[in-house]
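> let's see this in three dimensions:
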Amino acid sequence: QLQASGGGLVQAGGSLRLSCAASGCIFSNYNMGWFRQAPGKEREFVALISRSGAITSYADSVKGLFNISRDNAKNTVYLQTNSLKPEDTAVYYCAAGDSIVVSRRARSYDYWGQGTLVTVSS
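Take a look at the predicted model:
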């Protein structure tokens, strides 16, 4: 089970730290990803991190602004979102996948959290 939290309303230029806590699994066995879905749009990849944390990858739209990290001792993955823009407004989902290689494709993730809403005002 994945439980995402940390969303909220923030002004443009602000920051939020999203968290996703896992339970009922061996967290370190899973690659973790963050995806988002804006109103009227398809779900899109945001960032991923490998099992050990050694590999990270970001969508071009957030590279250099967002940072993904994980704490395997706490069974938690984080997404630090900085310099937020109104176009970052979306429901943010965390996901876990046990594929051999990391992937940006949603189909590579087996378990999904319920999402946390991030709203950025202009």
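> where along this protein do the strands fall?
Counting by DSSP state E, the chain has strands at residues 2-5, 8-11, 16-22, 31-37, 44-49, 56-58, 66-71, 76-81, 90-97, 111-112, 116-121.
> the last one to strand 31-37, inter-axis angle?
Think strand 116-121. If you take axes from the mean of the first three to the mean of the last three CA atoms, to 10 degrees, strand 116-121 sits at 50 degrees to strand 31-37.
> same thing with the third one?
Orientation check (the same axes, to 10 degrees): strand 16-22 against strand 31-37 gives 130 degrees.
> same for strand 16-22, what does it pack against?
Counting by 3 or more CB pairs under 8 Å, 6 or more residues apart in numbering; DSSP states H and E, the packing neighbours recorded for strand 16-22 are strand 2-5, strand 31-37, strand 76-81, strand 90-97, strand 116-121. Glycine gets a C-beta too; all of them are placed from N, C-alpha and C.
> for the residue nearest the centre of the chain, what are its contacts?
For the chain, the residue lying nearest the average C-alpha position, counting by CA atoms, centre = their mean, turns out to be W34 (2.3 Å). Contacts for W34 (CB atoms under 8 Å, 6 or more residues apart in numbering) come out as 18, 20, 46-48, 68, 77, 79, 92-95.
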